[in-house]
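S.K.: Sequence and computational prediction follow.
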Amino acid sequence: QAPIKAACEDMSCKTGFPEDVHSAVVSRSVHGGQPLLNVGFRSCDGNKKIHFGSSEPEDFRVGEDGVVYAERSFQLSAEPTEFVVSAQDKETQQEWQMRVKLTPEPAFTGSSEKDQRKIEEIIFPWQQYKHSSPLKRQKRDWVIPPINLPENSKGPFPQELVRIRSDRDKSLSLRYSVTGPGADQPPTGIFIINPISGQLSVTKPLDREQIASFHLRAHAVDVNGNQVENPIDIVINVIDMNDNRPEFLHQVWNGTVPEGSKPGTYVMTVTAIDADDPNAQNGMLRYRILSQAPSSPSPNMFTINNETGDIITVAAGLDREKVQQYTLIIQATDMEGNPTYGLSNTATAVIAVTDVNDNPPEFTAMTFYGEVPENRMDVIVANLTVTDKDQPHTPAWNALYRMTGGDPTGRFTILTDPNSNDGLVTVVKPIDFETNRMFVLTVAAENQVPLAKGIQHPPQSTATVSITVIDVNESPYFVPNPKLVRQEEGLMAGSMLTTFTAQDPDRYMQQTSLRYSKLSDPANWLKIDPVNGQITTTAVLDRESIYVQNNMYNATFLASDNGIPPMSGTGTLQIYLLDINDNAPQVHPKEATTCETLQPNAINITAVDPDIDPNAGPFAFELPDTPASIKRNWTIVRISGDHAQLSLRIRFLEAGIYDVPIVITDSGNPHASSTSLLKVKVCQCDLNGDCTDVDRIVGAGLGTGAIIAILLCIIILLILVLMFVVWMKRRDKERQAKQLLIDPEDDVRDNILKYDEEGGGEEDQDYDLSQLQQPDTVEPDAIKPVGIRRLDERPIHAEPQYPVRSAAPHPGDIGDFINEGLKAADNDPTAPPYDSLLVFDYEGSGSTAGSLSSLNSSSSGGEQDYDYLNDWGPRFKKLADMYGGGDD
């Protein structure tokens with residue numbers, strides 16, 4: 001590490017690099033990731049976030065701790081390598097820069113250190129004579145030799161260094177002073193001078209690691225302050241002492257080395273720095289390995305270059321499966337490694353042995369077994385297990401499986417379980433037990449990457465897989481499926497159509513013959529014999545049926561076996577129906593309109609036949625001979641194979657509706673013909689040929705369907721009107737019932753009329769009813785008017801007169817009305833005691849129902865037999881005991 005030249009440095013903390021140019025000596029061979037030096041950036045605020053950068057990022061990078069690393073491996077040239085290191089405060093964006101100068105270590109030539117070191121000389125105007133050693137001054141200039149002062153001096157202080165004097169001090173009274181860093185500039189007070197005697201002294205121990213040299217300037221003035229001599233520079237060199245131990249850039253170094261590496265393989269580089277002078281023995285470091293753990297297979301598996309710190313292997317036998325990591329204790333000692341006088345420090349190097357594919361996968365068994373039901377797919381039938389000593393879940397450990405024989409049709413595949421590394425033998429195509437009962441597969445396993453060179457093991461492991469196919473009950477299948485049958489329509493019911501049978505693929509299972517049944521028959525035309533599969537018709541086959549599409553009728557049948565579990569298969573029977581001339585043509589449309597005059601009066605009609613060629617058109621159109629009026633009034637002309645025109649033969653035909661029969665004959669063999677009625681509406685027409693009395697003709701010629709529709713509408717309308725009337729009446733009744741609460745204007749007393757009120761019966765009250773039974777004892781002489789007399793009261797007696805109860809026409813509150821009624825009832829001596837509002841009238845004597853006042857009467861009912869009450873259950877037990885228990 002180059003000495004730091006301090007110039008005008010303040011004693012207070014100053015953030016930045018310690019120097020503008022930093023020189024360092026490094027080895028010629030630089031490895032990628034090798035630490036080279038520490039820039040020593042000083043931050044007065046420990047919380048600042050400093051970001052370091054390099055002007056040569058492809059060659060050098062600077063870590064967050066200020067350590068400069070090599071980005072790649074290269075050789076330093078003989079000329080010094082220079083680059084700039086920058087530091088930037090992330091918050092304030094303030095930036096500092098320092099130029100770094102890397103010099104390669106010189107080759108050892110055997111010359112002494114004194115000859116190699118260049119001594120800086122300061123030339124003063126003095127002359128040295130050959131025969132004498134004293135110096136002779138010229139032109140009053142001072143002669144001050146450089147001063148070498150060791151660091152860490154123990155004093156006593158102040159310690160005299162040199163005396164400065166001028167030959168003019170004999171004639172003049174002079175005053176001496178020194179200026180510069182260390183005197184009157186920071187750090188101040190390190191050097192002092194006696195102003196009278198000129199004695200220069202140091203006041204405290206010096207530290208070369210802080211300031212390596214001081215540059216002072218001495219002055220001589222008279223008592224008036226006038227300069228009597230030119231200032232002269234004084235150089236004070238701080239001599240380095242071995243007062244700093246080596247410091248490793250990291251306390252723990254991590255490196256890797258592949259297993260099986262040959263001796264001499266580079267592993268890593270450790271670097272330590274010493275704050276002492278790197279050009280002196282105090283800063284020259286040497287490295288060595290103190291210990292290795294573990295010590296197998298050899299205690300000296302690694303060595304270290306004592307100057308560069310490069311660690312390399314020196315012995316073979318690195319095996320990750322045995323030792324995965326080595327821990328080395330590295331010692332760095334200054335004084336060129338002198339164990340007696342040098343200072344030392346230690347760090348730890350952790351070397352991980354990385355895995356290479358030096359172990360192939362090995363099957364745990366020579367033969368694996370599995371089984372699979374027939375016709376199954378995507379089923380794992382066997383697990384192939386292997387062992388591999390390499391690091392799990394790496395390409396050197398992951399196994400790949402492949403089949404080398406036994407599966408020519410590609411019915412199996414082998415997948416790798418990523419977690420367990422097992423091989424999963426999987427069925428990808430269905431297997432038929434009746435064809436293959438067993439498979440013997442040959443499989444091989446190898447890693448994703450090839451084995452490392454020099455490994456004696458075979459690159460793959462082989463095994464066999466024996467797979468047994470399990471017979472299962474399979475579904476029967478029809479042959480052929482679908483089955484096509486061509487048949488003319490019109491085949492009568494009970495006719496044998498065809499035989500549709502299925503086959504059972506299970507040749508090695510003992511089971512009875514198949515049974516057949518019908519699964520789908522849209523028109524219900526067919527039936528199948530459950531034993532032999534013979535299909536017969538149950539109805540006439542009709543090609544024109546709605547269940548026939550494009551002359552094809554489809555029916556589905558089911559074949560079932562009695563296996564465990566029972567299985568079934570379906571087959572489709574397709575019947576292609578050939579057309580026969582079984583349908584006569586019809587006229588279309590059924591209704592038409594024409595004018596009552598001869599021109600224009602043509603009606604276009606079309607013949608429609610459900611049959612197809614050759615049993616359809618071209619058609620022949622003609623009018624029947626009877627009645628004679630048809631041919632007299634109408635004529636018909638065919639205009640094409642399917643079309644004809646009907647027109648009037650006479651000049652005028654009275655308006656109305658006429659049924660015109662038309663005979664249409666098709667081209668089938670034999671021919672089929674029919675007489676179709678065409679309803680023609682003859683009407684009066686305007687000049688454009690449009691009917692003007694269509695409404696009259698339509699009204700007069702309403703069909704039966706139209707009349708029925710009109711009647712239904714009328715009936716529905718009458719029902720709706722009747723329901724509305726019933727609903728209105730019910731609503732009026734509900735309104736009258738709720739009028740007391742709904743209409744406050746119609747007070748409840750307005751609805752109270754004078755009625756002959758009745759009580760609750762004769763014997764349901766505890767008061768005396770004799771007054772009701774003999775009203776003549778209480779009735780006054782006044783007689784009711786004839787108009788309000790009841791039919792069941794005795795006409796010979798007058799109506800009893802009760803006190804008239806006053807009723808306010810419109811009381812303000814219904815509560816007052818009730819209270820007044822209650823008071824009137826209390827003052828009425830003729831009112832029943834428990835009914836304050838009811839007034840009973842005489843209803844006549846005698847009753848057809850008899851008296852129910854007492855069950856224990858002495859009537860003839862006592863001689864009846866009530867024993868049947870015992871059969872009526874526990875609810876009538878009391879009555880049975882009272883009337884059915886005999887005399888007791």
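M.R.: Looks like it arrived, so ask away.
S.K.: doesn't residue 196 fall inside a strand?
M.R.: No. Membership of residue 196 in a strand is not supported by DSSP: H, G, I helix; E, B strand; the rest coil, which gives coil.
S.K.: Show me where the protein has its helices.
M.R.: With DSSP state H as the criterion, the chain has helices at 113-116, 628-633, 694-700, 704-737, 739-742, 770-773, 814-826, 877-883.
S.K.: Which one, of those, ends up nearest to residue 285?
M.R.: Of all the helices of the chain, the one in closest proximity to residue 285, counting by CB to CB, is helix 113-116 (16.1 Å). C-beta coordinates here come from the backbone N, C-alpha and C atoms, glycine included.
S.K.: tell me the mean pLDDT over the closest one?
M.R.: For helix 113-116, mean pLDDT rounds to 37.
S.K.: circling back to that earlier point, which one of the helices of the chain has the poorest average confidence?
M.R.: helix 113-116 (a mean of 37).
S.K.: and the residue nearest in space to the middle of the chain, what pLDDT?
M.R.: Nearest residue to the geometric centre of the chain (CA atoms, centre = their mean): residue 418, 24.0 Å. Per-residue pLDDT puts residue 418 at 91.
S.K.: Same check on residue 603?
M.R.: Reported pLDDT for residue 603: 84.
S.K.: That one contacts residue 644, correct?
M.R.: No. Assessed by CB atoms under 8 Å, residue 603 is found out of contact with residue 644, at 9.2 Å.
S.K.: out of the two, which sits in the more crowded spot?
M.R.: Counted by other CB atoms under 10 Å, residue 603 and residue 644 do not tie: residue 644 has more neighbours, with 22 against 18.
S.K.: before we move on, the earlier item: contacts only, for the residue nearest to the centre of the chain.
M.R.: The contact partners of residue 418, taken as CB atoms under 8 Å, 6 or more residues apart in numbering, are 393, 398.
S.K.: Could you check how far it is from residue 463?
M.R.: Using CB to CB, to the nearest Å, residue 418 is found at 21 Å from residue 463.
S.K.: Also residue 534?
M.R.: Taking CB to CB as the measure, residue 534 falls 56 Å from residue 463.
S.K.: So for these two, which residue has more residues nearby?
M.R.: residue 463 (21 against 16).
S.K.: what pLDDT does the more buried one get?
M.R.: In this model, residue 463 carries a pLDDT of 92.
S.K.: what's the answer for residue 494, then?
M.R.: 88.
S.K.: burial count for it?
M.R.: Residue 494: 10 neighbours (other CB under 10 Å).
S.K.: Now do the same contact list for it.
M.R.: When contacts are counted by CB under 8 Å, 6+ apart, residue 494 touches 536-538.
S.K.: Please list only the buried members of the residues you listed.
M.R.: Those of the contacts of residue 494 that meet the buried threshold are 536-537, by 16 or more other CB atoms under 10 Å.
S.K.: Which ones among the contacts of residue 494 lie within strands?
M.R.: Using DSSP state E, 536-537 are the members of the contacts of residue 494 that sit in strands.
S.K.: wait, which of the contacts of residue 494 is closest to residue 609?
M.R.: residue 537 (24.9 Å).
S.K.: If that closest one is in a bridge, with which residues?
M.R.: On the basis of DSSP bridges, residue 537 is bridged to residue 526.
S.K.: Please list all residues in contact with it.
M.R.: Counted by CB under 8 Å, 6+ apart, residue 537 has contacts 491-495, 497, 525-526.
S.K.: got the residues you listed as CSV, with distance to residue 88 columns?
M.R.: CSV is the format used below for the contacts of residue 537 (distance: CB to CB, whole Å):
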residue, distance to residue 88
491, 102
492, 107
493, 105
494, 107
495, 105
497, 99
525, 96
526, 95
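S.K.: Of these, keep whichever come out buried.
M.R.: With burial judged by 16+ other CB under 10 Å, the buried subset of the contacts of residue 537 is 491, 497, 525-526.
S.K.: Go through those and name the one nearest residue 376.
M.R.: residue 526 (35.9 Å).
S.K.: Report the separation between the closest residue to residue 383 other than its chain neighbours and residue 413.
M.R.: Ranked by CB to CB, 6 or more residues apart in numbering and with sequence neighbours excluded, the top spatial neighbour of residue 383 is residue 422, at 5.1 Å. Note on residue 422: its distance to residue 413, by CB to CB, is 14 Å.
S.K.: who has more neighbours, the two?
M.R.: Shown here are residue 422 and residue 413; by other CB under 10 Å, residue 422 has more neighbours (20 against 15).
S.K.: what about the stretch 551-700 of the chain, any weak spots by pLDDT?
M.R.: Within the stretch 551-700 of the chain, the segments meeting pLDDT under 70 span 599-601, 693-700.
S.K.: how does it look with 90?
M.R.: 551, 559-569, 577-660, 662-700 (pLDDT under 90).
S.K.: before we move on, what about the stretch 201-350 of the chain?
M.R.: Within the stretch 201-350 of the chain, the stretches with pLDDT under 90 are 208-209, 212, 222-234, 239-243, 260, 277-282, 296, 316-317, 320-321, 338-341.
S.K.: what about dumping the CA coordinates of stretch 566-584 to CSV?
M.R.: Taking Å, rounded to 0.1, in the frame of the first residue of the first chain, the C-alpha atoms of stretch 566-584 are listed here in CSV:
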residue,chain,number,x,y,z
PRO,A,566,-72.9,-57.7,-16.1
MET,A,567,-72.0,-55.8,-19.3
SER,A,568,-74.0,-54.7,-22.3
GLY,A,569,-73.4,-53.3,-25.7
THR,A,570,-75.6,-51.4,-28.1
GLY,A,571,-76.0,-51.8,-31.9
THR,A,572,-77.9,-49.6,-34.4
LEU,A,573,-80.1,-51.1,-37.1
GLN,A,574,-80.6,-48.7,-40.1
ILE,A,575,-83.6,-49.5,-42.3
TYR,A,576,-83.5,-47.9,-45.7
LEU,A,577,-87.1,-47.8,-46.8
LEU,A,578,-87.8,-48.0,-50.5
ASP,A,579,-90.8,-46.0,-51.7
ILE,A,580,-94.0,-47.6,-53.1
ASN,A,581,-96.9,-45.7,-54.6
ASP,A,582,-99.1,-45.8,-51.5
ASN,A,583,-100.1,-42.1,-51.5
ALA,A,584,-102.4,-40.3,-53.9
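S.K.: from the chain's centre, how far out does it sit?
M.R.: What separates the centre of stretch 566-584 from the centre of its chain is 51 Å, taken as CA atoms, centre = their mean, to the nearest Å.
S.K.: do the same with stretch 624-641
M.R.: Centre-to-centre, stretch 624-641 and its host chain are 79 Å apart (CA atoms, centre = their mean).
S.K.: If you count neighbours, what's buried in it?
M.R.: 630, 633-634, 636.
S.K.: Domain ranges for this structure, per the record?
M.R.: Segmentation of the chain into domains, based on the TED database, reads 21-104, 147-239, 247-354, 362-470, 477-578, 586-683.
S.K.: For the second one, measure first residue to last.
M.R.: This means domain 147-239. Length of domain 147-239, first residue to last, CA to CA, to the nearest Å: 10 Å.
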